[in-house]
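Asker: Provided below for reference: sequence and predicted model.
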There are 2 protein chains.
Amino acid sequence: MKNSINTILKTSQLSVTTNRIKILELFQNSGNALSHADIEKLSGKHFDRVTIYRTLQTFVDKGIIHTIPTADNSIMYALCKEACTSGHHHDDHVHFICEVCGSTYCLDNISLPQVNVPKGFSINQTNILVHGVCKNCK
Amino acid sequence: MKNSINTILKTSQLSVTTNRIKILELFQNSGNALSHADIEKLSGKHFDRVTIYRTLQTFVDKGIIHTIPTADNSIMYALCKEACTSGHHHDDHVHFICEVCGSTYCLDNISLPQVNVPKGFSINQTNILVHGVCKNCK
DNA sequence: ATATATTTTGCAACGCTGTTGCATATTCAT
DNA sequence: ATGAATATGCAACAGCGTTGCAAAATATAT
Ligand SMILES: [Mn+2]
Ligand SMILES: [Mn+2]
Ligand SMILES: [Zn+2]
Ligand SMILES: [Zn+2]
């Protein structure tokens, strides 16, 4: 496990630091999306707030994680499962937020629906956010 | 026009004030969605920042306007066109953000696509945000 | 129309989230 | 091991939104 984290960081041309290893571990162990606040709590406040912001931004830039816009204007982050690279994300999947447990899921196995727009409009990117109850909470 | 604004406010059991009339006029004249910052600019800073926050929140509570979550974590507001009432919104339509002019459209005439979720998940609400180029900018 | 009660507004102060500059510490390459 | 490059922590700051409270505006009753 720690080996694969090493690989992820090195192939992204990032220094391997305690901080980055710990944050990547949190994502891998969680499975679901995490917020900045989640990471602060889960890490036991061992590293600085600013460092977490910078680490998350770096990971997004490198295509290691992607952001998930939410209805309450917080930002969630989740590991990229598809072949995302530096500056080129391919995370076009539905995101699901459970109203009971609060978990945010990346539904990457679900087909993205076709969205219709009026004549003259053209689509570049589609974000779909679904609220409901997850399978663990039903 | 001012008469219909009067009606909107009174049927929502709200006092008719200069402030609320002005903000409703801005929405009616704009046609597209507005942010808090937009309103501050358009109103010429004649009323307080806090009053705008409270007015927007009141309008949302009363079912006069609805919020639109955006990918850059700002909040946009738009007039409710469907029969929204206090505490019960029915604004299930696609929102479109033009990457050229920045306008946010409520596409209430477009059919909402069917989103598939895995077995065991149930849907309560769907938010669809489309980025692209609008008909005025193509 | 006037007086009273209710609601709204503006101001000041505050909290939360995220950012930047810079000196120090850590990691990397030789 | 040494020096260069990179990452971190700290402090300070900015922006956005919230709250308490007194003054002003609006609605209601007489
Ligand atoms: Mn995702
Ligand atoms: Mn809308
Ligand atoms: Zn759940
Ligand atoms: Zn446009």
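Answerer: Sure thing, it's come through. Ligands and ions are numbered 1, 2, ... in the order given.

Asker: Am I right that A:Phe96 sits in a strand?
Answerer: Yes: secondary structure of A:Phe96 (DSSP: H, G, I helix; E, B strand; the rest coil): part of a strand.

Asker: need the residues of chain A near ligand 3, please.
Answerer: A:98, A:100-101, A:134, A:137 (C-beta under 5 Å from the ion). Every C-beta, even on glycine, is put in place using the N, C-alpha and C of the backbone.

Asker: so which of those also contact ligand 2?
Answerer: Okay, of those, nothing touches ligand 2 (C-beta under 5 Å from the ion).

Asker: Please tell me how far A:Phe121 sits from B:Ile8.
Answerer: 29 Å (C-beta to C-beta, to the nearest Å).

Asker: Quick check: longest strand in chain A by residues?
Answerer: strand A:122-133 (DSSP state E).

Asker: Do me a favour and average the pLDDT over that strand.
Answerer: The pLDDT scores in strand A:122-133 average 94.

Asker: Starting from it, tell me which strands it pairs with and how they run.
Answerer: Under the criterion DSSP bridges, strand A:122-133 sits next to strand A:94-98 (parallel), strand B:122-133 (antiparallel) in its sheet.

Asker: Just the C-alpha atoms of the longest one, please, in CSV.
Answerer: Going back to what we said before, that points to strand B:122-133. Extracted in CSV, the C-alpha atoms of strand B:122-133 (Å, rounded to 0.1, in the frame of the first residue of the first chain):
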residue,chain,number,x,y,z
SER,B,122,-32.7,6.1,-4.0
ILE,B,123,-32.9,9.6,-5.4
ASN,B,124,-34.5,12.6,-3.7
GLN,B,125,-33.2,15.4,-5.7
THR,B,126,-31.1,15.9,-8.9
ASN,B,127,-28.9,18.9,-9.7
ILE,B,128,-27.7,19.3,-13.2
LEU,B,129,-25.2,22.0,-14.1
VAL,B,130,-24.1,22.3,-17.7
HIS,B,131,-21.1,24.4,-18.9
GLY,B,132,-20.9,25.4,-22.5
VAL,B,133,-21.6,28.3,-24.9
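
Asker: what residues are up against the most centrally placed residue in chain A?
Answerer: Geometric centre of chain A, nearest residue: A:Ala78, 1.7 Å, by C-alpha atoms, centre = their mean. Shown in contact with A:Ala78 (C-beta atoms under 8 Å, 6 or more residues apart in numbering or on different chains): A:27, A:32-34, A:65-66, A:68, A:104, A:106.
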